[in-house]
Each structure stands twice: as structure tokens, then as C-alpha cells.
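[1] Structure for the following, please:
(one chain, ligands or ions: 2)
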Amino acid sequence: YFRALEQAGILLNKPQLEAVRYGPGPLLTLAGAGCGKTTVLAARAGYLMAVRSVSPSSILLVTFTSKAAAEMKERIALLPGIRPAAARAVQARTFHSFALALLRHQGVTEDIFGDTQAQHTVMKMLLRQLRLSEAYQPETLLSALSAWKAEGRSAHELPETSQEERDAKQALLAYEDWKKERQKMDFDDILLRAARLLHDPAVLLPLQKRFAYIMVDEFQDTNTLQYEMVRRLAAKHRNLMVVGDDDQTIYTFNGARQESILQFDKVYKDAKVITLNINYRSDSRILGLGSSIVAKNRKRRAKRLVSAGREGLEPQFLTPSNPEEEAIHVVTHLLRQVEEGALRYSDIAILHRTASGSRSIFEQLVMRDVPFIQYGAGTVFYDQSLIRPLMDHLRLALNPRRMECIPSALGPLYVPREAGMEHIQKEEKKQAKKYPLIHLTRWERLRDFQQEQVKERIRLIKSLAAMKPLLAVQEMRRVFYDKYLESGDPGTWTHYKETLQESLEELETAARRFDTVEEFVAFADELSERHREMESLRNAADGDAVSLMTIHRAKGLEFPCVYLIGASEGILPHSTSLGKESPEDLLTSVTSGAQADPEQLLEEERRLAYVAVTRAKQMLYITSPAANHGKPAAVSRFLLEAYGVKPSVPSGRPNPHAQHPGAQARPGTQAKPGAQTRDSKARMITVPVWNCSSSACSAWIRKDIKHSGYARNEIAAAAESAPLCPLCS
Ligand code: ATP
Ligand code: MG
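    Ligands and ions are numbered 1, 2, ... in the order given. As a prediction, this is how the structure comes out:
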């Protein structure tokens, strides 16, 4: 088997081999990014079948996403001596798909209620019925419930020590009843119910018997409930193999517990621990940067990673003045690489920290016809659920009869959308109005105050048309959200508030570029249009496309070339983790409060930076915009720390003049990131990719390099070989 594997291009190293062959008994395989954890899992499944004649259906392989599960099956199918039918029979599943299969097998027939938007709508309605909608946001409560259930507890067990908690519980129980009456279950229910089913020996024992081998990938991100399920299932054979990297725990907001992996060998006293420390993914300079970033975390198992690859290229940095310029640079640069034949689009990933952090780059990609796939969101920023209603108000301001925009503008009014639209359309047939919304002001189903609200809304829409786009956005923000954003109500889920705040700021930044609402709306419309065309073209073509995704989504993946954008203070680390009191939210009181410690929040951000950097195989470009949402932003502390450069101001307050790592460092005098790199001559400084003469140009730290400690002739030599930056050329 192993010889055949080698012929197929996989020459396992010693600890990898040991992990593949280990058994019986629990096994923890701990390794940094790219050391072949997932590879080992697949190879082990193949080994068990091909060599140990284990039946495929008695192997359970748990992965984090359904995409990973599908890939796992593909990988197994390619292994030597594995028949396609056997590869298909291996149970490669996510926790949720495993749980759902179990429920269905047990005769549970409820529909899945998985649409987040629909859940919010239901919760909103229930809050209104309970007269609690002033005090709570639906998102707040639902995520608190989710975190609660991730710990294996039901809504009935929610605490009720304060009035707030009692109110929250009442609303959440109403939500549970609502689902029950309609025979529905959401994703958390699926997991919780399956976990509870496993308490029943009649259910558990056959499963324990069946799954002789259980393996879990990305174990660092399992939550309490998932961990408990695995432990129960594995209790008979005890052939539980978990692989993971404590440095890649990035889902604590979903209830992931780093402790699970840190203490696995304490829970399973006889567990074998195998560490893999050869990274096959990244060239050594990239790995070096990743390692020195995460080395600053205190809560971790120390690791030493060596790169099996070449030394490769130095990671490159750029400090564009803002995200707009950042997007221009990145897209121009990647286009050039593809044009020169160095890369295909699909070799490239662009990673960003927050959902709204991709707005500028998305626009550049669309407007310059770069084929790309956005994982997760996949929609134009202006069409996203938080932003769409505002844009639709602007559209109505220009053309009040744009019917498709009316429903979304009705949303914030608490007017029933469907019935409202029906009424408008019926009345329009009798008599068309310039402002079709006006029909609602005479609709007997609405109460006086609601009719008044509609009138108010029409006045607002009228006034927006003549405003500057930025002012128009600010005006809507004032009317729709300020009251909520400024409220210090304890039921507010900080995370949601931050997302909303961020999206609104992003919209303001976007609007600022236009002089008239007309231009702004025309741009958003064109963007949607072009994006739709691109989508259909891409689906028809061969799928060669750039990947655009959040760092969270990039987990487990690898790309020859990675652009990490937004590596600035306030973005990465994210502002929610900086210089704040612990988030005052409901979650803290109902969950264990794992998130509350600011130090831990910062450590999670550092892990995110580590995950991002270690996705790259050969090329890594990091950009740190000097401003975000119009406010100055310093270079991310994670980069400065890694390069041994002290931030010039105390953390938390951004310094627009902070220079990029390398700028203040003398070559050879500082520890290089990732001391494992063999080349002692390696420099901390980054080499400019572009050589521009214009003093206005801010391309790849050309200015910073002057202060780098490099000899003048070295700078000249480096600069000479570099081309003009895209802005200048
Ligand atoms: P992550 O922590 O990011 O999930 P991982 O530890 O799961 O990473 P893999 O994705 O399994 O790492 O492997 C990283 C890369 O290294 C893959 O391209 C894989 O094919 C390659 N690789 C792993 N082991 C070997 C080996 N023994 N020889 C050659 N290449 C290997
Ligand atoms: Mg992996």
C-alpha cells in the first residue's frame, strides 16, 4: 500500500506513517498548518480498507464543511487499491450531516428550517407579539440560543435570574414553540437532538458497534456538543483519531473550545500523541512569517515547523492609502501575473477578515472582468440584506415607481410586505400614482400610526433625491438605525451590532465617491448587472476563477498565491477585539464567557492572521491600508511583532505614520521571522515590487525602504529591477 502510495506521489514521512498505522486506541495528531493532517486522515482511511480489510462503512470521518467532506471522498477514491464503491461507502460527513442522517434514520421527519433570514423574521414577529421588540434584536437572541445549545443545553434550561434573562427566555421559548407547531427544526436543533438521541442505548449501541474507526479533522474547532457526540460514539472501540492545530481555533464564537484539543491526552490518558512538524505546503519564508505571528500567543502548545519546500519568495507588503487604492493595486497586480502566464486565476485567493471587508476588491474584480468566486456571501455588497433596503430607498428616490424596490423599503416599516405589495398593485390598477407607496396611507389594514409612518417614509424618499449620496446614507442611518445602535440595551448582541455598524460605515465610504444619488445608484445597478453576467459566464466556462473569501472560509485550503488584504489595526486585529471592555452581551451571561477575555479575543485574531498567511504555497502579498472608513489605520501589530518592530504608539490607537515591518529594521540585526529558515543572509526587508519615480506614488513601500538600513546601492539595485507600479504605468 505504501509503495503504491509513493508511486502515486505521496511519500509519507515517519510520524505521518506512524499516525496512519496507529491502532488500536485513541490518537491525537497535532500539527501546524500544512503538515499533512488532512492528508494523513485520507491515507489512513485508505490504509484501513486496503491493508486491514476494514469495511468502508465502519469508518466515520468527520470534517468541518460539506465541501471538505466531498473533497475527502475524492481524495480517498484516488488512493491505491480503493474501489470507487468503497470510497463512496466511507462515512465522510460534517457533524450536521451525520446528525441529520441519524435523526432521519430514527424516523424524525421535521423539515429543516435553515434560512437565517427567515429565522430572524420569525423571531422579530415573536418579539413584537411579546412587546419585546424595543429591547431585543432577533439576531441577539438567536445567536445566544445557538451558543447555549452548542453547550448541549436546551432552551428550557436557560437561566432566569434577572428580568432580562426572563424576557429573553420567554421569547426564545416562543421561538421553540413556533418551530414545534410547524414541524420544523433549525441546525442547532439537529445537532442537539441527535446528541440527545445518543443517550439512548438502543440508538447508541448499534452505532458504537458499527463505527470501529472514527476520525475527526479540524478538531480544534469542535464545540462541546460535537465533542460529546464523538466521545460517545467512540466509547466502545476507542479507535478515535483526532487531528488538529490549536493555533487554528478560529470559531470560538460558534462555541469551539480550544481546550478540547489542548487537553485531549488528559481526557484520554492512554492517547498517543503524534506531532507532525514538516510543512509541505508553504515555502519557508511564508511559513516563517506565519510561525512568528502565532508564536506571540500565550495559550498554545509550542510547535516548531520546518518547511519541506524551497526558501521561495519573501512575502511582499504594501501600504496603500485606503481600501479603494488597495483594491486597484491588488487587482492590477494579479492581472499582470496572469497575463504574464505565471499563474492561472484559480491559483489565486484573496482573503479578507470581515464580510464587508471585500466591498472594494469585489468592485474592482467585477469592473475589470476578472473571473472570481466569492465563497459565502456571493452577492454584490449593495444587494446584501443589511444594505439592500437603503439602496432601494435611493432607487425609489430617483424613480418612485420602481416596483421591485418597494418591498425591501417596506421592511423596516413593520408593514406586512406581501399583503402590502398586493394592496399597492391592486390600487395601482385602479389609479396609478407617482408614489405608489401612497396607497398604503389609505389602507384600512394599517393603523393610524402606521399610515403616518408611511407618509413619513415618502417624505424621506422625496428628500433623498437631491442630497449628496453620503448625506443621503447618513440620513437613512439616522432614521433607521441610530436609535438602536446607540442603545446600550443589555440584550444587544455586540457582534451583530458591529456587523451592522461596519456595513453602514462601508456604505458611507462607498457613497462618498459619488456626487449624485443618480451616479451612485447607476454604479450599484451596473455592478449587479455585470456580476450577474459574470456568474453565468463563469458557470459556462471551465471554472478558472480567483477565490475571494473570508479567512474563516479559507480554513484547510491552500493556494499557490494569496493576497491578504486589510492587514491593518482595526481590521486584523478587528476592532471588536481591541482596547475594549469585555463585550457586554447576553452571550456572556448565558455561555461560559469564553469570549469575554480581551486577551483571548486578541489571540483569536492572531490565529486568524496565522491561518491566512499559511494558506499560501509560494506567493504571499499582504496589504495594509493606511485608512479605513475614513479613519487612519496603522499596520497590523501582528506584522510588526513578527518582524520585531515595536508599534510606535500604544496598541489600540492607530498611527497613520506607522511604517511597515522592515522599514525600521536593519538587515541581519534582527531575528528573522521563522528562525527555521536556513538562509542566514535572508533579509527582513521587503523588496519593492514596483519602482516608481513619482513622489505621489505609494506603491509597495518604496518610500519606507529608504529608511531600511539597506545600503544605497542595494536599494538602487532592487528598485531598478522592479517595474513601474500599475497606478503610475
Ligand atoms: P491545514 O492545517 O491547513 O488543514 P493540513 O495539516 O491538513 O493543513 P494538508 O492539507 O493535508 O495539511 O497538506 C498540505 C499540503 O502538503 C498538501 O498539498 C499535501 O498534498 C502536501 N503533503 C502532505 N504530506 C505530504 C508528504 N508526505 N509528501 C508530500 N506532500 C505532502
Ligand atoms: Mg487540513
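
[2] Please read off the pLDDT at the residue lying closest to Gln450 once chain neighbours are set aside from the model.
    Residue nearest to Gln450 in three dimensions, not counting chain neighbours: Val415, with 6.5 Å by C-beta to C-beta, 6 or more residues apart in numbering. Every residue, glycine included, has its C-beta placed from N, CA and C. Looking at Val415, its pLDDT stands at 73.

[3] From ligand 1, how far out is Val415?
    According to C-beta to the nearest ligand atom, to the nearest Å, Val415 stands 48 Å off from ligand 1.

[4] Which of the three states applies to that residue?
    coil (DSSP: H, G, I helix; E, B strand; the rest coil).

[5] List the contacts of it.
    Neighbouring residues of Val415 by C-beta atoms under 8 Å, 6 or more residues apart in numbering: Leu440, Leu446, Gln450, Gln453, Val454.

[6] Okay, now the unreliable bits of the stretch 401-550 of the chain?
    411-414, 484-496, 538-541 (pLDDT under 70).

[7] which residue does it bring closest to ligand 1?
    Of all residues in the stretch 401-550 of the chain, Met549 sits closest to ligand 1, at 14.2 Å by C-beta to the nearest ligand atom.

[8] Not counting sequence-adjacent ones, nearest residue to that residue?
    Tyr375 (4.1 Å).

[9] now the residue of the stretch 401-550 of the chain closest to ligand 1, what's its secondary structure?
    Classification of Met549 using three-state DSSP returns strand.

[10] What's opposite it in the beta bridge?
    Assessed by DSSP bridges, Met549 has beta-bridge partners Leu351.

[11] I'd like the distance between the nearest residue to Phe64 once chain neighbours are set aside and Leu640.
    Residue nearest to Phe64 in three dimensions, not counting chain neighbours: Glu218, with 4.2 Å by C-beta to C-beta, 6+ apart. Between Glu218 and Leu640 the computed distance is 29 Å (C-beta to C-beta, to the nearest Å).

[12] Quick check: chain neighbours aside, which residue is closest to the closest residue to ligand 1 within the stretch 551-700 of the chain?
    Using C-beta to the nearest ligand atom, the single residue of the stretch 551-700 of the chain nearest to ligand 1 is Gly556, 4.1 Å away. In this structure, Gly556 finds its nearest non-sequential neighbour in Ala68, 5.9 Å apart by C-beta to C-beta, 6+ apart.

[13] The one you found: which element?
    Element membership of Ala68, judged by DSSP states H and E, is helix 66-77.

[14] chain center to that helix, what's the gap?
    Distance, stretch centre to chain centre, for helix 66-77: 21 Å (C-alpha atoms, centre = their mean, to the nearest Å).

[15] That helix close to ligand 2?
    No: judged by C-beta under 5 Å from the ion, helix 66-77 stays clear of ligand 2, getting no closer than 8.0 Å.

[16] Please see if that helix touches ligand 1.
    No: using C-beta under 6 Å from any ligand atom, helix 66-77 stays clear of ligand 1, coming no nearer than 9.1 Å.

[17] coming back round to it: and the residue nearest to Phe64, how far from Ala68?
    For Glu218, the distance to Ala68 (C-beta to C-beta) stands at 8 Å.

[18] who's more crowded, those two?
    In this view Glu218 and Ala68 are compared by other C-beta atoms under 10 Å, and Glu218 has more residues nearby, 25 against 20.

[19] which residues touch the more buried one?
    Glu218 is in contact with Thr63, Phe64, Ala68, Val243, Gly244, Gln248, Lys555, Gly556, counting by C-beta under 8 Å, 6+ apart.

[20] Give the closest residue to the fifth one in space, chain neighbours not counted.
    Counting by C-beta to C-beta, 6+ apart, the nearest residue to Gly244 once its immediate chain neighbours are dropped is Phe219, at 3.5 Å.

[21] any idea how far ligand 1 is from the one you found?
    Phe219 is 11 Å from ligand 1, by C-beta to the nearest ligand atom.

[22] Indicate the residue of the stretch 1-150 of the chain located nearest to ligand 2.
    Closest approach between the stretch 1-150 of the chain and ligand 2, counting by C-beta to the ion: Thr38, at 3.3 Å.

[23] In a helix, that residue, correct?
    Yes: looking at Thr38 with three-state DSSP, it is inside a helix.

[24] So what's the residue count around it?
    Neighbourhood size, Thr38 [other C-beta under 10 Å]: 18.

[25] Return the residues in contact with the residue nearest to it when sequence neighbours are not counted.
    The shortest distance from Thr38 to any non-neighbouring residue, by C-beta to C-beta, 6+ apart, is to Asp217 (5.7 Å). With contacts defined as C-beta under 8 Å, 6+ apart, Asp217 is in contact with Lys37, Thr38, Leu41, Leu61, Val62, Thr63, Phe64, Ala68, Met72, Val243, Gly244, Gly556.

[26] again, only using 10 Å
    Taking C-beta atoms under 10 Å, 6 or more residues apart in numbering, we find Asp217 in contact with 29, 37-38, 40-42, 61-65, 68-69, 72, 92, 241-244, 556.

[27] again, but for Arg238
    By C-beta under 10 Å, 6+ apart, the contact set of Arg238 is Gly23, Pro24, Gly25, Pro26, Ile214, Arg231, Tyr268, Asp270, Ala271.

[28] Closest one of those residues to ligand 1?
    Ranked by distance to ligand 1 (C-beta to the nearest ligand atom), the contacts of Arg238 are led by Ile214 at 17.7 Å.

[29] close enough to count as contact, that closest one and Leu60?
    Yes: applying C-beta atoms under 10 Å, one finds Ile214 in contact with Leu60, separated by 4.8 Å.

[30] Between these two, which contacts overlap?
    Taking C-beta under 10 Å, 6+ apart as the criterion, Ile214 and Leu60 both touch Gln91, Val230, Leu233, Ala234, Leu240.

[31] Grab the nearest non-local neighbour of the first one.
    Looking back up the chat, that one is Gln91. Leu60 (4.6 Å).

[32] Look at that neighbour and say how many residues are nearby.
    Per other C-beta under 10 Å, the neighbour tally for Leu60 reads 23.

[33] same deal with the one 10 residues further on?
    Residues near Ala70, counting by other C-beta under 10 Å, number 12.

[34] try Val216
    For Val216, the neighbour count with other C-beta under 10 Å is 23.

[35] okay, it: pLDDT?
    97.

[36] Also the one 10 residues further on?
    At Gln226, the model reports a pLDDT of 93.

[37] Is it correct that it is in contact with Asp188?
    No: the criterion here is C-beta under 10 Å, and Gln226 misses it with Asp188 at 11.6 Å.

[38] dump the residue contacts of Lys14.
    Taking C-beta under 10 Å, 6+ apart, we find Lys14 in contact with Ile274, Leu276, Ile278.

[39] What about ligand 1: which of those residues touch it?
    Answer for these near ligand 1: none qualify (C-beta under 6 Å from any ligand atom).

[40] quick one, longest strand in the protein?
    In the chain, taking DSSP state E as the definition, the longest strand is strand 616-623.

[41] and it, which strands flank it?
    Checking strand 616-623 against DSSP bridges gives partners strand 316-318 (parallel), strand 559-564 (parallel).

[42] right, and the helix or strand after it?
    Once the chain leaves strand 616-623, the next helix or strand it forms, by DSSP H and E, is strand 627-628.

[43] list the helices and strands that following strand packs on?
    Contact partners of strand 627-628 among helices and strands, from 3 or more C-beta pairs under 10 Å, 6 or more residues apart in numbering; DSSP states H and E: helix 323-339, helix 494-511.

[44] what's the closest of those to Met49?
    Across the helices and strands packed on strand 627-628, Met49 has its closest neighbour in helix 323-339 (40.6 Å, C-beta to C-beta).

[45] I'd like the average pLDDT over that closest one.
    Helix 323-339 comes out with an average pLDDT of 89.
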